[in-house]
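Participant: from the sequence below, what's the structure:
(one chain, ligands or ions: 2)
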Amino acid sequence: MPTPTTPAFQDFLRRLPKAELHLHIEGSLEPEQLFALARRNGVPLAHASVEALRAAYAFTDLQSFLDIYYAGASVLRTEQDFEELAMAYFARAAADGIVRAELFFDPQTHTARGVPMGAVIEGLSRACRRARALHGISADLILCFLRHLSEAEALQTLDDALPWREHFIGVGLDSSERGHPPEKFARVFARAGELGLHRVAHAGEEGPPAYIESALDVLRAERIDHGVRCTESPALVQRLAATGTPLTVCPLSNVKLCVFPDLASHNLPALLSAGLKVNLNSDDPAYFGGYLLENWRACFDALPLGVTDAVTLARNSLEASFAPVDERAAWLAQLEREAATAP
Ligand code: ADE
Ligand code: ZN
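Facilitator: Numbers count the residues shown, from 1 in each chain. Ligands and ions are numbered 1, 2, ... in the order given. Okay, here's the model as predicted:
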C-alpha cells in the first residue's frame, strides 16, 4: 500500500539530486506566459482567457494534446521568447532539486512559421548557459524531429541546424506515434550518429512494443522516451533489463493522455521490479499538471514505493544522462550523501 508523503519525505525527495531527461521545452509554456507572448508578438489566440485555455486542457489521447500544444507554441517568435521560456523552466527545475536537464525542442514547429532556426537554438542555448551561472544546473539541448512529417523534412531540419551543431548534444523523435514507426527515420538517425550526436526516441507511449524494438535496432536509440508499453512483451522487458536501457517515464503525462486510467494503475512499480532503468520526468508540465517534483510526489502518494525506490529513481536519472562523467560522478556522490539522510 502507498504511504502518503509526509512533509519530511517530500523534502527528502526534493533534496535528492535529479536529472530531467524528458522535458519538451515548448511543453513548459504556462498559459500566463503564453498570453503575454501572444500580446507582445501580436499572435491571435483561439481562447479568450487563461482560464478558458486551461479548461481546454482535457485530453483524450496524445493527438488531442498535440493539437493544442502546437497551437500554443505559435506564440514563440523571437530569440528572446525562447530564452525567457527556458529561463522560466530552469527556475522551477532548480526549486525541484534538478541538477541536470536535457531539453527537447521541436524546431520544425517553429521554422514552419518562418521563425529562423538560429532564433530557436540561440535563445535556448543562451538560457542553458545562464542556468548554470544562475542555478548551478547543467543543461543541454536535444533536437527532436516531428514524426508526423516526412524523413526528408527531418533530414533537411538536421542540415539546417548544423551551423549550430555545437549547441545541441543529440536528436530525438516525438509527436504522433501511431502510424509513424521509428524505422521511418532510419537515415536521419544514421546521419545523426555519424555527426556524433546522441540518439533518443519516443516509443511505446501509445505505440506497440515493436516500436521500442525498432527504436533500438534501427535508430540505435540510447534511451527510450516513455516505453511503458514494453510490459506487453516479456521478451522485450528482459532485453531492456539486460542492456540497462534507460526509460524516461512521465507519470502525470501518462494519466493526462489516458495511457493509464489513473496513477494507482501506472506500471512504474512493475518496471522497477523488473530491474529496468526507469527515471521520472514531467514531459509537458504546463499541460499535464505538474513539474518534476510534483510527478515524484504524486507517484509516491499513489503507488507502493519507498525510500529505496526514490534513491534508485534519482540514481537512474543521473546515470542515464549524457552529462560528462565527472559531473555525473559528483552528483552520484551527492546522492549517496542525501540518501543517508532519509527520514
Ligand atoms: N511532444 C510533446 N510531448 C509529447 C509526447 N508526450 N509524446 C509525443 N510527442 C510529444
Ligand atoms: Zn515527450
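
Participant: kindly report the residues of the protein close to ligand 1.
Facilitator: Proximity of the chain to ligand 1 is confined to His24, Gly27, Leu62, Tyr69, Asp174, Ser175, His202, Glu205, Ser253, Asp283, Asp284 under the rule Cβ under 6 Å from any ligand atom. From N, CA and C alone the C-beta is placed, and that goes for glycine too.

Participant: neighbours of the closest residue to the second one other than its chain neighbours, how many?
Facilitator: In other words, Gly27. Closest residue to Gly27 apart from its sequence neighbours, by Cβ to Cβ, 6 or more residues apart in numbering: Asp284 at 2.5 Å. Counted by other Cβ atoms under 10 Å, the residues lying close to Asp284 total 25.

Participant: circling back: turn the residues of the chain next to ligand 1 into JSON lines, columns for pLDDT and secondary structure.
Facilitator: Shown next, in JSON lines, are the residues of the chain next to ligand 1 (pLDDT from 0 to 100; DSSP: H, G, I helix; E, B strand; the rest coil):
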{"residue": "His24", "pLDDT": "99", "secondary structure": "strand"}
{"residue": "Gly27", "pLDDT": "98", "secondary structure": "helix"}
{"residue": "Leu62", "pLDDT": "96", "secondary structure": "helix"}
{"residue": "Tyr69", "pLDDT": "97", "secondary structure": "helix"}
{"residue": "Asp174", "pLDDT": "98", "secondary structure": "strand"}
{"residue": "Ser175", "pLDDT": "96", "secondary structure": "coil"}
{"residue": "His202", "pLDDT": "98", "secondary structure": "strand"}
{"residue": "Glu205", "pLDDT": "97", "secondary structure": "coil"}
{"residue": "Ser253", "pLDDT": "98", "secondary structure": "helix"}
{"residue": "Asp283", "pLDDT": "98", "secondary structure": "strand"}
{"residue": "Asp284", "pLDDT": "98", "secondary structure": "coil"}
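
Participant: just how off-centre is the helix or strand hosting Ala241 within its chain?
Facilitator: Element membership of Ala241 [criterion: DSSP states H and E] is helix 234-243. Relative to its chain's centre, helix 234-243 lies at 22 Å (Cα atoms, centre = their mean, to the nearest Å).

Participant: could we number from 50 for the rest of this?
Facilitator: New numbering, starting at 50: the last item is helix 283-292.

Participant: for that helix, what is the average pLDDT?
Facilitator: Per-region confidence: helix 283-292 scores 98 on mean pLDDT.

Participant: which residues belonging to it are considered buried?
Facilitator: Leu285, Val286, Leu289 (16 or more other Cβ atoms under 10 Å).

Participant: parallel or antiparallel, which strands does whatever helix or strand comes next after that helix pair with?
Facilitator: Counting by DSSP H and E, the next helix or strand C-terminal to helix 283-292 is strand 295-298. Applying DSSP bridges, strand 295-298 is found paired with strand 272-275 (parallel), strand 326-329 (parallel).

Participant: what's in contact with the helix ranked longest in the chain?
Facilitator: Longest helix in the chain by number of residues, with DSSP state H as the criterion: helix 166-184. For helix 166-184, the surrounding residues in contact (Cβ atoms under 8 Å, 6 or more residues apart in numbering) are 74, 126-132, 134-136, 139-140, 142-143, 150, 152, 154, 156, 159-160, 186-190, 209-210, 212-213, 216-217.

Participant: pLDDT on the very next helix or strand once past that helix, on average?
Facilitator: Counting by DSSP H and E, the element after helix 166-184 in chain order, helix or strand, is strand 187-195. Here strand 187-195 scores 99 as its mean pLDDT.

Participant: just for the protein, where's the confidence low?
Facilitator: Applying pLDDT under 70 to the chain flags the ranges 50-53.

Participant: can we see that at 80?
Facilitator: The chain contains residues with pLDDT under 80 at 50-54.

Participant: quick one, strands of the stretch 50-199 of the chain?
Facilitator: Assigned by DSSP state E, counting those that start in this stretch, the strands in the stretch 50-199 of the chain fall at 67-73, 147-154, 187-195.

Participant: strand 147-154 and the shortest one, what's the angle between them?
Facilitator: For the pair strand 67-73 and strand 147-154, the angle between their directions (axes from the mean of the first three to the mean of the last three Cα atoms, to 10 degrees) equals 10 degrees.

Participant: and strand 67-73, what does it pack onto?
Facilitator: For strand 67-73, the elements it packs on are strand 147-154, strand 272-275, strand 295-298, strand 326-329, helix 341-351, helix 356-369, judged by 3 or more Cβ pairs under 8 Å, 6 or more residues apart in numbering; DSSP states H and E.
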